[in-house]
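> 3D model of this:
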Amino acid sequence: MSIAGSPAWSLVYALVAVACLATLLGGWLVVRFLGGRASVMRHVSGAAAGYLVAATLARVLPEALHLGGDGMAVWAIGGFLAVHVIEHGITPHFHYGEESAKHGATAAAGIMALAGLSMHSFLDGMSIMAAVHADYSLGILVFFGVLLHRVPEGATISSIFLVRGSGGRMALSAAAALAAAALLGAFCQGALRIPEGQVLAIAAGLALYVACADLLPQAQKEKGWKSTVALAVGALLFAATNHLLPHDHPGHSGPTQQVDLEPVHHIR
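Residues are numbered from 1 along each chain as shown. Below you'll find the model as predicted:
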(Lines give C-alpha, C1' and ligand atoms only; values in the text may rest on other atoms or scores of the structure.)
Protein backbone atom coordinates (compact mmCIF):
# COMPACT_ATOMS: atom_id res chain seq x y z
CA MET A 1 0.00 0.00 0.00
CA SER A 2 1.35 3.43 -0.87
CA ILE A 3 2.09 6.09 1.71
CA ALA A 4 -0.65 8.35 0.51
CA GLY A 5 -3.21 5.57 0.52
CA SER A 6 -2.75 4.43 4.10
CA PRO A 7 -5.53 5.60 6.44
CA ALA A 8 -3.08 5.86 9.34
CA TRP A 9 -0.80 8.12 7.33
CA SER A 10 -3.73 10.30 6.33
CA LEU A 11 -4.61 10.62 10.01
CA VAL A 12 -1.12 11.60 11.07
CA TYR A 13 -0.78 14.21 8.34
CA ALA A 14 -4.10 15.67 9.49
CA LEU A 15 -2.83 15.81 13.07
CA VAL A 16 0.43 17.47 12.03
CA ALA A 17 -1.52 19.97 9.91
CA VAL A 18 -3.62 20.95 12.93
CA ALA A 19 -0.45 21.34 15.02
CA CYS A 20 0.92 23.57 12.27
CA LEU A 21 -2.18 25.74 12.50
CA ALA A 22 -1.43 26.12 16.22
CA THR A 23 2.02 27.47 15.29
CA LEU A 24 0.40 30.01 13.00
CA LEU A 25 -2.14 30.84 15.70
CA GLY A 26 0.62 31.68 18.16
CA GLY A 27 2.33 33.90 15.61
CA TRP A 28 -0.93 35.60 14.66
CA LEU A 29 -1.85 36.28 18.30
CA VAL A 30 1.47 38.01 18.91
CA VAL A 31 1.28 40.06 15.73
CA ARG A 32 -2.35 41.12 16.15
CA PHE A 33 -3.22 41.09 19.82
CA LEU A 34 -0.55 40.12 22.33
CA GLY A 35 2.11 42.74 21.76
CA GLY A 36 3.15 43.80 25.26
CA ARG A 37 0.88 41.15 26.86
CA ALA A 38 3.41 38.43 27.59
CA SER A 39 1.38 37.21 30.57
CA VAL A 40 -1.16 35.38 28.39
CA MET A 41 1.48 33.36 26.57
CA ARG A 42 3.25 32.60 29.85
CA HIS A 43 0.10 30.89 31.13
CA VAL A 44 -0.08 28.84 27.94
CA SER A 45 3.60 27.97 28.33
CA GLY A 46 3.01 26.74 31.88
CA ALA A 47 0.14 24.49 30.80
CA ALA A 48 2.19 23.17 27.88
CA ALA A 49 5.10 22.42 30.23
CA GLY A 50 2.86 20.49 32.63
CA TYR A 51 1.34 18.44 29.83
CA LEU A 52 4.70 17.68 28.19
CA VAL A 53 6.36 16.52 31.39
CA ALA A 54 3.41 14.32 32.36
CA ALA A 55 2.97 12.82 28.90
CA THR A 56 6.69 12.18 28.45
CA LEU A 57 7.24 10.46 31.79
CA ALA A 58 3.97 8.52 31.83
CA ARG A 59 3.64 7.41 28.21
CA VAL A 60 6.27 8.50 25.66
CA LEU A 61 9.43 7.32 27.41
CA PRO A 62 7.89 4.02 28.63
CA GLU A 63 6.70 3.33 25.07
CA ALA A 64 10.18 4.02 23.70
CA LEU A 65 11.68 1.60 26.23
CA HIS A 66 9.03 -0.98 25.34
CA LEU A 67 9.82 -0.74 21.64
CA GLY A 68 13.61 -0.51 21.79
CA GLY A 69 14.75 -1.74 25.18
CA ASP A 70 16.79 -0.05 27.90
CA GLY A 71 19.14 1.46 25.34
CA MET A 72 16.43 3.98 24.44
CA ALA A 73 17.29 5.87 27.64
CA VAL A 74 20.59 6.82 26.00
CA TRP A 75 18.71 8.15 22.97
CA ALA A 76 16.50 10.22 25.28
CA ILE A 77 19.54 11.73 26.98
CA GLY A 78 20.99 12.43 23.55
CA GLY A 79 17.79 14.22 22.51
CA PHE A 80 17.89 16.31 25.69
CA LEU A 81 21.51 17.32 25.13
CA ALA A 82 20.98 17.92 21.41
CA VAL A 83 18.32 20.55 22.08
CA HIS A 84 20.65 22.31 24.51
CA VAL A 85 23.40 22.37 21.89
CA ILE A 86 20.96 23.70 19.28
CA GLU A 87 19.72 26.50 21.52
CA HIS A 88 22.97 27.51 23.21
CA GLY A 89 25.61 26.44 20.72
CA ILE A 90 24.37 26.46 17.14
CA THR A 91 21.78 29.22 17.66
CA PRO A 92 23.03 31.22 20.65
CA HIS A 93 20.65 34.12 19.93
CA PHE A 94 17.58 31.99 20.53
CA HIS A 95 15.35 33.10 23.41
CA TYR A 96 11.90 32.09 24.55
CA GLY A 97 9.80 35.01 25.72
CA GLU A 98 11.52 37.29 23.23
CA GLU A 99 8.44 39.51 23.04
CA SER A 100 9.82 41.55 25.94
CA ALA A 101 13.52 41.41 24.94
CA LYS A 102 15.35 44.07 22.95
CA HIS A 103 18.89 42.74 22.94
CA GLY A 104 20.74 41.35 19.97
CA ALA A 105 18.24 42.87 17.54
CA THR A 106 19.86 41.78 14.27
CA ALA A 107 18.43 40.04 11.23
CA ALA A 108 21.09 37.30 11.48
CA ALA A 109 20.04 36.53 15.06
CA GLY A 110 16.43 36.14 13.93
CA ILE A 111 17.44 33.71 11.18
CA MET A 112 19.50 31.68 13.66
CA ALA A 113 16.55 31.49 16.04
CA LEU A 114 14.32 30.37 13.17
CA ALA A 115 16.82 27.63 12.31
CA GLY A 116 16.84 26.37 15.90
CA LEU A 117 13.07 26.31 16.25
CA SER A 118 12.73 24.68 12.83
CA MET A 119 14.75 21.74 14.15
CA HIS A 120 12.28 21.52 17.04
CA SER A 121 9.37 21.56 14.62
CA PHE A 122 10.93 18.92 12.38
CA LEU A 123 11.29 16.55 15.33
CA ASP A 124 7.74 17.33 16.45
CA GLY A 125 6.43 16.15 13.09
CA MET A 126 8.55 13.00 13.28
CA SER A 127 7.37 12.27 16.82
CA ILE A 128 3.67 12.50 15.92
CA MET A 129 4.18 10.15 12.98
CA ALA A 130 6.18 7.64 15.05
CA ALA A 131 3.74 7.77 17.97
CA VAL A 132 0.66 7.15 15.82
CA HIS A 133 2.26 4.09 14.24
CA ALA A 134 3.47 2.76 17.59
CA ASP A 135 0.14 3.20 19.40
CA TYR A 136 -2.89 5.16 18.22
CA SER A 137 -3.71 6.50 21.70
CA LEU A 138 -0.09 7.53 22.25
CA GLY A 139 -0.19 9.38 18.93
CA ILE A 140 -3.18 11.42 20.11
CA LEU A 141 -1.43 12.24 23.39
CA VAL A 142 1.75 13.32 21.59
CA PHE A 143 -0.37 15.38 19.22
CA PHE A 144 -1.96 17.30 22.10
CA GLY A 145 1.46 17.91 23.64
CA VAL A 146 2.81 19.25 20.36
CA LEU A 147 -0.36 21.29 19.85
CA LEU A 148 0.03 23.01 23.21
CA HIS A 149 3.65 24.01 22.85
CA ARG A 150 3.30 24.94 19.18
CA VAL A 151 1.25 28.00 20.23
CA PRO A 152 3.98 29.58 22.41
CA GLU A 153 6.64 28.51 19.91
CA GLY A 154 4.81 30.26 17.08
CA ALA A 155 4.45 33.28 19.35
CA THR A 156 8.15 33.16 20.19
CA ILE A 157 9.44 33.15 16.63
CA SER A 158 7.02 35.89 15.59
CA SER A 159 8.00 38.06 18.54
CA ILE A 160 11.69 37.51 17.81
CA PHE A 161 11.20 38.90 14.31
CA LEU A 162 9.05 41.76 15.58
CA VAL A 163 11.61 43.00 18.13
CA ARG A 164 14.23 42.85 15.38
CA GLY A 165 12.30 45.34 13.28
CA SER A 166 10.52 42.97 10.88
CA GLY A 167 6.92 43.65 9.97
CA GLY A 168 3.90 41.54 10.82
CA ARG A 169 3.98 39.74 7.48
CA MET A 170 7.58 38.61 7.97
CA ALA A 171 6.81 37.52 11.54
CA LEU A 172 3.90 35.38 10.36
CA SER A 173 6.07 33.98 7.56
CA ALA A 174 8.55 32.82 10.19
CA ALA A 175 5.75 31.00 12.03
CA ALA A 176 4.68 29.45 8.73
CA ALA A 177 8.23 28.20 8.21
CA LEU A 178 8.02 26.35 11.54
CA ALA A 179 4.73 24.82 10.45
CA ALA A 180 6.31 23.64 7.20
CA ALA A 181 9.23 22.11 9.12
CA ALA A 182 6.82 19.99 11.16
CA LEU A 183 5.11 18.73 8.00
CA LEU A 184 8.50 17.90 6.51
CA GLY A 185 9.45 15.96 9.65
CA ALA A 186 6.27 13.89 9.45
CA PHE A 187 6.87 13.15 5.78
CA CYS A 188 10.50 12.12 6.35
CA GLN A 189 9.54 9.80 9.20
CA GLY A 190 6.83 8.25 7.06
CA ALA A 191 9.11 7.82 4.05
CA LEU A 192 12.25 6.63 5.85
CA ARG A 193 10.49 4.57 8.53
CA ILE A 194 13.10 5.28 11.19
CA PRO A 195 12.49 2.88 14.14
CA GLU A 196 9.77 4.30 16.36
CA GLY A 197 11.67 3.51 19.57
CA GLN A 198 14.57 5.80 18.71
CA VAL A 199 12.31 8.58 17.44
CA LEU A 200 10.12 8.49 20.54
CA ALA A 201 13.17 8.41 22.83
CA ILE A 202 14.67 11.47 21.15
CA ALA A 203 11.25 13.16 21.27
CA ALA A 204 11.07 12.40 25.01
CA GLY A 205 14.42 14.09 25.63
CA LEU A 206 13.40 17.05 23.49
CA ALA A 207 10.05 17.41 25.26
CA LEU A 208 11.62 17.33 28.72
CA TYR A 209 14.15 19.98 27.76
CA VAL A 210 11.61 22.26 26.10
CA ALA A 211 9.22 21.90 29.04
CA CYS A 212 11.76 22.40 31.84
CA ALA A 213 14.32 24.76 30.27
CA ASP A 214 12.19 26.83 27.88
CA LEU A 215 8.48 26.82 28.73
CA LEU A 216 8.47 26.53 32.53
CA PRO A 217 10.95 29.39 33.15
CA GLN A 218 8.65 31.65 31.13
CA ALA A 219 5.64 30.58 33.20
CA GLN A 220 7.60 31.19 36.41
CA LYS A 221 7.99 34.85 35.51
CA GLU A 222 4.39 35.25 36.66
CA LYS A 223 4.26 36.20 40.32
CA GLY A 224 2.55 34.15 43.00
CA TRP A 225 0.71 30.91 42.37
CA LYS A 226 -0.17 31.49 38.69
CA SER A 227 2.66 29.40 37.25
CA THR A 228 1.83 26.53 39.60
CA VAL A 229 -1.80 26.58 38.54
CA ALA A 230 -0.85 26.65 34.85
CA LEU A 231 1.52 23.71 35.35
CA ALA A 232 -1.13 21.74 37.24
CA VAL A 233 -3.74 22.46 34.55
CA GLY A 234 -1.43 20.98 31.93
CA ALA A 235 -0.76 17.86 34.00
CA LEU A 236 -4.48 17.40 34.72
CA LEU A 237 -5.27 17.83 31.04
CA PHE A 238 -2.90 14.98 30.26
CA ALA A 239 -4.41 12.83 33.01
CA ALA A 240 -7.92 13.38 31.65
CA THR A 241 -6.91 12.72 28.04
CA ASN A 242 -4.91 9.64 28.99
CA HIS A 243 -7.85 8.27 30.99
CA LEU A 244 -10.29 8.71 28.10
CA LEU A 245 -8.07 7.15 25.45
CA PRO A 246 -7.71 3.33 25.20
CA HIS A 247 -4.28 1.96 26.04
CA ASP A 248 -3.96 -0.39 23.10
CA HIS A 249 -0.81 -1.21 21.18
CA PRO A 250 -1.85 -2.02 17.61
CA GLY A 251 1.66 -1.69 16.26
CA HIS A 252 3.29 -4.21 18.58
CA SER A 253 4.25 -7.59 17.29
CA GLY A 254 4.19 -9.43 20.60
CA PRO A 255 2.04 -12.49 21.27
CA THR A 256 -1.71 -11.92 21.31
CA GLN A 257 -4.54 -14.06 22.47
CA GLN A 258 -6.86 -15.35 19.81
CA VAL A 259 -10.34 -16.69 20.33
CA ASP A 260 -11.03 -19.95 18.53
CA LEU A 261 -14.44 -19.63 16.91
CA GLU A 262 -14.42 -23.12 15.43
CA PRO A 263 -16.71 -25.66 17.13
CA VAL A 264 -14.99 -28.18 19.38
CA HIS A 265 -15.35 -31.79 18.20
CA HIS A 266 -15.08 -34.40 20.87
CA ILE A 267 -13.64 -37.78 19.92
CA ARG A 268 -15.86 -40.55 21.06
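> going by C-alpha atoms from here, please, whenever you check contacts or count neighbours.
Noted.
> tally of neighbours for Leu81?
15 (other CA atoms under 10 Å).
> okay, it: pLDDT?
What the model reports for Leu81 is a pLDDT of 94.
> ok, His266 next?
42.
> what about Gly116, distance to Phe122?
Using CA to CA, to the nearest Å, one gets 10 Å for the distance from Gly116 to Phe122.
> so Ala180 makes contact with Cys20?
Yes - using CA atoms under 8 Å, Ala180 is in contact with Cys20, at 7.4 Å.
> looking at those two, which one has more neighbours?
Between Ala180 and Cys20, counted using other CA under 10 Å, the more crowded position is Cys20 (27 against 19).
> which of the three states applies to the more buried one?
helix (DSSP: H, G, I helix; E, B strand; the rest coil).
> tell me the helix or strand right after the helix or strand that contains Val16.
Assigned by DSSP states H and E, Val16 belongs to helix 7-32. Next helix or strand after helix 7-32 toward the C-terminus (DSSP H and E): helix 38-55.
> rounded mean pLDDT for that next one, please.
The model assigns helix 38-55 a mean pLDDT of 88.
> name the residues of it that are buried.
The neighbour-count check on helix 38-55 (16 or more other CA atoms under 10 Å) flags 38, 41-55 as buried.
> stretch 230-247 too?
Ala230, Leu231, Ala232, Val233, Gly234, Ala235, Leu236, Leu237, Phe238, Thr241, Asn242.
> ok, and what's touching that stretch?
43-44, 46-55, 137-138, 141, 219 (CA atoms under 8 Å, 6 or more residues apart in numbering).
> and the furthest pair within the residues you listed?
Ser137 and Ala219 (28.3 Å; CA to CA).
> distance from the chain centre to stretch 160-174, please.
23 Å (CA atoms, centre = their mean, to the nearest Å).
> I meant to write stretch 240-249 there.
That offset, for stretch 240-249, works out to 18 Å (CA atoms, centre = their mean).
> what of stretch 56-76?
The answer for stretch 56-76 is 16 Å, by CA atoms, centre = their mean.
> quote the end-to-end distance of it.
OK, stretch 56-76 end separation, CA to CA: 10 Å.
> so which bits of that stretch are buried?
Buried residues in stretch 56-76 (16+ other CA under 10 Å): 56, 59-65, 67-68, 72-73, 75-76.
> give me the mean pLDDT for stretch 18-30.
76.
> not counting that stretch itself, show me its contacts.
143, 146-148, 150-159, 171-172, 175-176, 178-180, 182-183.
> sitting in helices, which of those residues do you find?
143, 146-148, 150-159, 171-172, 175-176, 178-180, 182-183 (DSSP state H).
> so where's the stretch 51-200 of the chain uncertain?
Within the stretch 51-200 of the chain, the segments meeting pLDDT under 70 span 91-109, 164-167.
> what angle separates the helix or strand harbouring Cys188 from helix 7-32?
Take DSSP H and E as the rule and Cys188 turns out to sit in helix 168-192. Angle of helix 168-192 versus helix 7-32, following axes from the mean of the first three to the mean of the last three CA atoms, to 10 degrees, is 160 degrees.
> elements contacting the very next helix or strand once past helix 168-192?
Next in sequence after helix 168-192, counting helices and strands by DSSP H and E, comes helix 196-209. Contacts defined by 3 or more CA pairs under 8 Å, 6 or more residues apart in numbering; DSSP states H and E place helix 196-209 against helix 38-55, helix 61-68, helix 72-85, helix 107-134.
> buried sites along the helix holding Val16?
9, 12-13, 15-31.
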